[in-house]
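S.K.: Quick one, fold the following:
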Amino acid sequence: AVVSTQSTGDYLEMLIQYGYILLFSPVYPLAATFALGNNLIEIHTDAFRLVKMSKRPFPTYAAPSKFWQHGFTLMTICGVVTNSQIIRNSMVLGHMPFKRSIFVFCVIFLVAYIG
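M.R.: Just a heads-up that it's a prediction; the model follows:
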């Protein structure tokens, strides 16, 4: 199965942007707005490139994207852990015993990951 380098680059770009939004939005909430603007511009430039600047592509077999699915799943788990820890740290800044704060972290993690 041949995978084009352009689609690989597109998937990698989406994974990196998803990671930035997931991990840094609690610190800088406008990051999601900037990512949306970037995606809208990219949609229009990709559409222009496909319609005006390229010929009809030859049909090729597309490999399953399980690798990228695992990457997005791993990034989601890391984001849930990071954001749960940020919520726990902002809530318990010394007001709660350590064991209870770990329990709060586990509850937040389970609610965010399952829900």
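S.K.: switch to C-alpha atoms for all contacts and neighbour counts from now on
M.R.: OK.
S.K.: so where's this structure shaky on pLDDT?
M.R.: Across the chain, the ranges flagged by pLDDT under 70 are 1-6, 62-64, 91-96, 115.
S.K.: What segments of it are helices?
M.R.: Assigned by DSSP state H, the helices in the chain fall at 5-24, 31-52, 66-91, 98-114.
S.K.: Nearest to Phe58, out of those?
M.R.: Evaluated with Cα to Cα, the helices of the chain place helix 31-52 nearest to Phe58, the distance being 13.2 Å.
S.K.: buried ones in stretch 29-47?
M.R.: For stretch 29-47, the neighbour count (16 or more other Cα atoms under 10 Å) marks Ala31, Ala32 as buried.
S.K.: For Ser54, see how far away Phe48 is.
M.R.: 9 Å (Cα to Cα, to the nearest Å).
S.K.: Who has more neighbours out of these two?
M.R.: Taking other Cα atoms under 10 Å, Phe48 and Ser54 do not tie; Phe48 has more neighbours (12 against 9).
S.K.: Can you tell me how far that one is from Pro59?
M.R.: The span separating Phe48 from Pro59 equals 20 Å under the rule Cα to Cα.
S.K.: Please apply the same query to Phe103.
M.R.: In terms of Cα to Cα, Phe103 sits 53 Å off from Pro59.
S.K.: And these two? Which one has more around it.
M.R.: Phe103 (12 against 6).
S.K.: what's near enough to touch the more buried one?
M.R.: Phe103 sits next to no residue when contact means Cα atoms under 8 Å, 6 or more residues apart in numbering.
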